[in-house]
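Participant: Just need the structure, nothing else, for what follows:
(chains A, B and C)
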Amino acid sequence: MTATDPDAPGTAAPPAELLPTLAGHYYTDPAVFAREQELILESHWFCAVRSADLARPGAFRTATVGRESVLVCRTRSGAVRAFLNVCRHRGAQLCTAESGEVRRSLQCPYHAWTYDLDGRLVAAPNMADMPGVDKRERGLIGVHVREWLGYVWVCLADEPPSFDETVRGAVARRLGDEDVVERYGVEGLALGRRISYDVAANWKLVVENFMECYHCGTIHPELTEVLPEFAEGYAAQYHVGHGAEFGSDVDGFTVDGTAGFGRLGGVGEEQDRRYYAVTVRPQVFLNLVPDHVIVHRMFPLAPDRTLIECDWLYSPEVVESGTDLSHSVELFDRVNRQDFEACERCQPAMSSRAYRTGGVLVPVEHHIAEFHAWVADLLGDPPE
Amino acid sequence: MTATDPDAPGTAAPPAELLPTLAGHYYTDPAVFAREQELILESHWFCAVRSADLARPGAFRTATVGRESVLVCRTRSGAVRAFLNVCRHRGAQLCTAESGEVRRSLQCPYHAWTYDLDGRLVAAPNMADMPGVDKRERGLIGVHVREWLGYVWVCLADEPPSFDETVRGAVARRLGDEDVVERYGVEGLALGRRISYDVAANWKLVVENFMECYHCGTIHPELTEVLPEFAEGYAAQYHVGHGAEFGSDVDGFTVDGTAGFGRLGGVGEEQDRRYYAVTVRPQVFLNLVPDHVIVHRMFPLAPDRTLIECDWLYSPEVVESGTDLSHSVELFDRVNRQDFEACERCQPAMSSRAYRTGGVLVPVEHHIAEFHAWVADLLGDPPE
Amino acid sequence: MTATDPDAPGTAAPPAELLPTLAGHYYTDPAVFAREQELILESHWFCAVRSADLARPGAFRTATVGRESVLVCRTRSGAVRAFLNVCRHRGAQLCTAESGEVRRSLQCPYHAWTYDLDGRLVAAPNMADMPGVDKRERGLIGVHVREWLGYVWVCLADEPPSFDETVRGAVARRLGDEDVVERYGVEGLALGRRISYDVAANWKLVVENFMECYHCGTIHPELTEVLPEFAEGYAAQYHVGHGAEFGSDVDGFTVDGTAGFGRLGGVGEEQDRRYYAVTVRPQVFLNLVPDHVIVHRMFPLAPDRTLIECDWLYSPEVVESGTDLSHSVELFDRVNRQDFEACERCQPAMSSRAYRTGGVLVPVEHHIAEFHAWVADLLGDPPE
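Facilitator: Residues are numbered from 1 along each chain as shown, chains lettered A, B, ... in the order given. Purely as a prediction, here's the structure:
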């Protein structure tokens, strides 16, 4: 029973302006989430850890990637390695802390099986009683690793997809040029602030929210003040290579439009006074403004729970100077809170009969349909 | 192994005096509960909201009906409408508060799609870009509404069962006459007190408890003091048209038997000094005494969790006078707590092998079998 | 991808020194746990309650055995009886408290059906209306009971396995002699201390941990100080009849090696200065030292949750004297905490792909394979 005029029954086909979304069960069904863990989160390049958080040899971090706890560490030679965080003997987690530092080896605290930072088994009690055991066979299970933009990306697939194609390529395709992102020198930036958000919503709602700006006029007063074109509903991601321009009376990408900091080294006139947003599937958002870069990493934990870690990166001089970053950080912190509240407001409705076949995308959201097709295709679902 | 004499094995058929109950899994199995949500709670008339809680145009309430959040509001013309609480665009909940008031329209706080209080889509950003979109097609999904006894009853079925037959009829059949309930003028009463109970038990245990009085002598000392016949175990609901009579030394339906308030307008000699109880399936209990009316609305949330909202209604003069209602309210508040504790004590045993095929109904509980048959029949289960 | 040399692929068969464990899903899958509840916990003798906790007629305790709440009580004649804790009428739990005492009968607090302490229905309201009801048919559902070592063991199977074979025999086979355990006079000991541990790990991880001492050198500094041979990794349970010898400079089984209490009555020279550990499947650990006995009872509650109740038993004179037991108790309390932390560290890794086919048992753990075979066999699984 739709609240419509009686002569306009609610079952007519939607007009061309409205594209269908994924059906509601994609956001609630544990079986769908399990397949996403396997076929998306554990099969693609996943941005797990900030490289600078592994400053010294022996430093480690643990991260939840799909269903796995992954241990990322820096070796004695300065390389980064990543492993499933599971001892090969009886399955204890090697490291339960989120971060820490060891000297030369990772020792299981249960039976003292000991691995070097390259994951090789180097010692275990009573080894002399096991002459048939080949230590080379019992190393930690490694996962593929790449470093880019100052982050460690891991892939749990046996044969990872091309990093250049799926990660670097995604950024280049969005920015219209392989070189644009390099101008921000993200690798060389320093962490000014990190905020973690525990969001009661499916990770795809967060992606969809980030991809469109149709909501900006409604929920982001501070952001549309800085980027007036966002009030029109066109996301920066709508056009290839487009960066949203600062308002004429805006001095910087700050909560009150006051000046930020100096332009990052390689940022040219073309990028100045502009905000670029990039979605790197499945779980990274990149936000580029002249004086800083914001990186979101999502960690989907359940169909209705996503942990999001957001880093604000500045030039090392800015961070080291101890300058007050609060006006700068507060803008996107507010945007984040506004967005995640909106996502949480959608989650309960995903199980409603009103969303059984999904909702609709208006024209300025049409690019989200491609994300939906990507998900459905990876899950092996028939086209909707 | 039953604690019986060896010559009386525990497997004999029960005697005619004992009728079987539903099997234990009816009270614990999530699949049974899901079918109850669909085939009972979302398919029958469900008493959702008190009409007076929607006093002015624009007032709204949200209520959980089966698996759905339902938004009930009063329109500008003073009518009551109800909708699935889901925006037709991308599925955000329109109202997350339990109650509130808007001026003229319901605006989705995500993308500002705006509906009038009759559920019609009246505005959305960028509508000019979507000439093919017919707003009449995109209204809120309405649900059927009826008002009776001062409450808003909703039905989520496409074709609701007859309200007269299943709701008014249930009351008339119990009271023996269509007119009896009208004498209490329930629509005109005022809310004296509302108490919510969060009960860790299946909703059917609560219904069964309300239907019988075999437990009254054991757990309701105050109630059996006021209604001595309840000590015999015969529920008021056992005989058509029967109201349990107050004890000869009892002045009113209060926790200590002291006088209550004056008789409600239309209550005649026949109903005076009597308590009538009515179960309106699936989720309403009506309690009638000469000077007030108590209405229970159940909101089943999980196989083992039921929210119960209980209203004590008095004549407007009594409520407006500010008279102390505590002796009056306390009687049934205690009864509620005693009953719900008993239900919570049964819930864990429903999964015991001892209850695999259910328990037994003694003669004064035999009318519960008809409730069980109603449930099993609606769920499409073969007769037990 | 294993961190191995490229010429030693990780797929080679394990050498003879390494035996496989159970696969990871045995520790996480709710379906496996449900089968364990039915086929192991509810089908074997289960040590539920300490006899002395039922000191007087009418004393009762409730215990979770598999999926059931079991009510254990002492009758007027001093015997012990056990029943499913469910009223035969409408399924209320008779006793919700963990312990208590009644005078002559167990009365259901819902409708007052009343059972004597032998479980016979002796009274119910309105019985006169039910002449066809044979009270002998409506008694509580009893479960099998045995008392041994001062504990009440129950079995929920219709036809329990032989107590002598599966319980007494397990102890005798471990200790090499039926008489050894009798020398400690466990029945006559008094409770010095009881500590409950709520462990976030599967019960089988706790069993495996108790069965081996390969971890002792890593996590039990106090224990290996007292029992130096444990640093070698050989559990006391590894050899039939073996008790681990105290270190030469150790005076007693205490946290700092200081003297404990006098030898228990029947303990001979052979057992003096030795620690014996016995696993009585599925859920009891027995620890024997010259001056006290420690009994662990496990109550598996979920695939990833096990409640463990640990009793420290001393001669009645020691307990009555009020002597400070803390040095004595603290040793194994620390061992327990160290062990249970290790088990909790394994639980999350059980669902990792790294443990999909399980881990490995080194030679000093090989006896655990027999436990795994016992479990798999009872669950009706094909041999791994």
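Participant: use CA for all of it now, contacts and neighbours both
Facilitator: Will do.
Participant: In the stretch 201-350 of chain A, what residue lies closest to chain C?
Facilitator: As assessed by Cα to the nearest Cα, chain C sits closest to A:Leu301 within the stretch 201-350 of chain A, at 13.9 Å.
Participant: That residue contacts A:Leu307, correct?
Facilitator: Yes. Contact between A:Leu301 and A:Leu307 holds when scored by Cα atoms under 8 Å: they sit 6.9 Å apart.
Participant: How much space separates the closest residue to chain B within the stretch 101-250 of chain A from B:Thr96?
Facilitator: Closest residue of the stretch 101-250 of chain A to chain B, Cα to the nearest Cα: A:His215 (4.5 Å). From A:His215 across to B:Thr96, the span is 18 Å (Cα to Cα, to the nearest Å).
Participant: Also A:Leu156?
Facilitator: Using Cα to Cα, A:Leu156 is found at 39 Å from B:Thr96.
Participant: For the one residue sitting closest to the centre of chain A, list each beta-bridge partner.
Facilitator: Centroid-nearest residue in chain A, with Cα atoms, centre = their mean: A:Val284, separated by 2.4 Å. Taking DSSP bridges as the rule, A:Val284 bridges to A:Val280, A:Arg297.
Participant: got a list of what it touches?
Facilitator: A:Cys47, A:Val295, A:His296, A:Arg297, A:Met298 (Cα atoms under 8 Å, 6 or more residues apart in numbering or on different chains).
Participant: Give the burial count for the first one, as a bare number.
Facilitator: A:Cys47 sits with 27 neighbouring residues when counted by other Cα atoms under 10 Å in any protein chain shown.
Participant: That one is in what secondary structure piece?
Facilitator: Per DSSP states H and E: A:Cys47 is located in strand A:46-50.
Participant: Export that strand to CSV, keeping only CA atoms.
Facilitator: The C-alpha coordinates for strand A:46-50 follow below in CSV (Å, rounded to 0.1, in the frame of the first residue of the first chain):
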residue,chain,number,x,y,z
PHE,A,46,43.8,-4.2,1.6
CYS,A,47,45.4,-1.1,3.2
ALA,A,48,46.3,-2.5,6.6
VAL,A,49,48.9,-0.4,8.4
ARG,A,50,50.7,2.9,8.1
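Participant: In the following helix or strand past it, which residues are buried?
Facilitator: On the C-terminal side of strand A:46-50, the closest following helix or strand by DSSP H and E is strand A:59-65. For strand A:59-65, a neighbour-count test (16 or more other Cα atoms under 10 Å in any protein chain shown) marks A:Ala59, A:Phe60, A:Arg61, A:Thr62, A:Ala63, A:Val65 as buried.
Participant: Name the next helix or strand downstream of the top helix by length along chain A, please.
Facilitator: If you go by DSSP state H, chain A has its longest helix at helix A:326-346. Sequence-wise, the next helix or strand downstream of helix A:326-346 (DSSP H and E) is strand A:360-361.
Participant: Give me the sheet partners of that next one and which way each runs.
Facilitator: Looking at strand A:360-361 with DSSP bridges, its partner strands are strand A:19-20 (antiparallel).
Participant: Residues in contact with the strand it pairs with: which ones?
Facilitator: Counting by Cα under 8 Å, 6+ apart, A:Gly358, A:Gly359, A:Val360, A:Leu361, A:Val362, A:His366, A:Ala369 sit against strand A:19-20.
Participant: buried subset of those residues?
Facilitator: Buried by 16+ other Cα under 10 Å: A:Gly358, A:Gly359, A:Val360, A:Leu361, A:Val362, A:His366, A:Ala369, out of the contacts of strand A:19-20.
Participant: Kindly state the beta-bridge partners for the third one.
Facilitator: By that I understand A:Val360. Bridge pairing for A:Val360 (DSSP bridges) gives the partners A:Pro20.
Participant: Now do the contacts for it.
Facilitator: Contact analysis of A:Val360 by Cα under 8 Å, 6+ apart lists A:Leu18, A:Leu19, A:Pro20, A:Thr21, B:Arg88, B:His89, B:Arg90.
Participant: With the second one instead?
Facilitator: If you count contacts by Cα under 8 Å, 6+ apart, A:Gly359 has them with A:Pro20, A:Thr21, A:Leu22, A:Ala23, B:Arg88, B:His89, B:Arg90, B:Gly91.
Participant: so what's the third one closest to, chain neighbours aside?
Facilitator: Meaning A:Leu22. A:Gly358 (5.5 Å; Cα to Cα, 6 or more residues apart in numbering or on different chains).
Participant: Distance-wise, check that neighbour relative to A:Ala349.
Facilitator: Separation of A:Gly358 from A:Ala349 (Cα to Cα): 10 Å.
Participant: Now for these two: what residues contact both?
Facilitator: In contact with both A:Gly358 and A:Ala349: B:Gly91, using Cα under 8 Å, 6+ apart.
Participant: Quick one: name the residues of the stretch 101-250 of chain A near chain C.
Facilitator: Within the stretch 101-250 of chain A, the positions near chain C by Cα under 8 Å from any Cα of the partner chain are A:109-112, A:118-120, A:125-126, A:129-130, A:132-133, A:136-143, A:158.
Participant: redo that, cut-off 6 Å
Facilitator: When proximity is defined by Cα under 6 Å from any Cα of the partner chain, the stretch 101-250 of chain A lies next to chain C at A:110-111, A:119-120, A:130, A:132-133, A:136-137, A:139-142.
Participant: Quick check: which ranges of chain A have low pLDDT?
Facilitator: A:1-13, A:236-238, A:382-384 (pLDDT under 70).
Participant: ok, 80 please
Facilitator: Along chain A, segments meeting pLDDT under 80 span A:1-14, A:234-240, A:381-384.
Participant: Quick one: the helices in it, in order.
Facilitator: Under DSSP H, chain A gives helices at A:30-36, A:163, A:169-175, A:203-211, A:216-219, A:221-226, A:316-321, A:326-346, A:368-378.
Participant: do the fourth one and chain B meet at all?
Facilitator: So that's helix A:203-211. No. Helix A:203-211 lies out of reach of chain B by Cα under 6 Å from any Cα, never closer than 9.7 Å.
Participant: returning to that earlier point: how about the contacts made by the residue of the stretch 101-250 of chain A closest to chain B?
Facilitator: Listed by Cα atoms under 6 Å, 6 or more residues apart in numbering or on different chains, the contact set of A:His215 reads B:Tyr110, B:His111.
Participant: Could you rerun that using 7 Å?
Facilitator: For A:His215, the contact set (Cα atoms under 7 Å, 6 or more residues apart in numbering or on different chains) comprises A:Gly233, B:Tyr110, B:His111.
Participant: Dump the C-alpha coordinates for stretch A:202-216 into CSV.
Facilitator: What follows is stretch A:202-216, C-alpha atoms only, in CSV (Å, rounded to 0.1, in the frame of the first residue of the first chain):
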residue,chain,number,x,y,z
ASN,A,202,27.6,-2.2,6.7
TRP,A,203,30.8,-1.2,5.0
LYS,A,204,29.1,-0.7,1.6
LEU,A,205,26.8,2.0,3.1
VAL,A,206,30.0,3.8,4.1
VAL,A,207,31.4,3.5,0.6
GLU,A,208,28.2,4.6,-1.1
ASN,A,209,28.0,7.6,1.3
PHE,A,210,31.6,8.6,0.4
MET,A,211,31.0,8.3,-3.3
GLU,A,212,28.1,10.7,-3.5
CYS,A,213,27.5,14.3,-2.5
TYR,A,214,23.7,14.4,-3.0
HIS,A,215,23.6,14.4,0.9
CYS,A,216,26.1,17.2,1.3
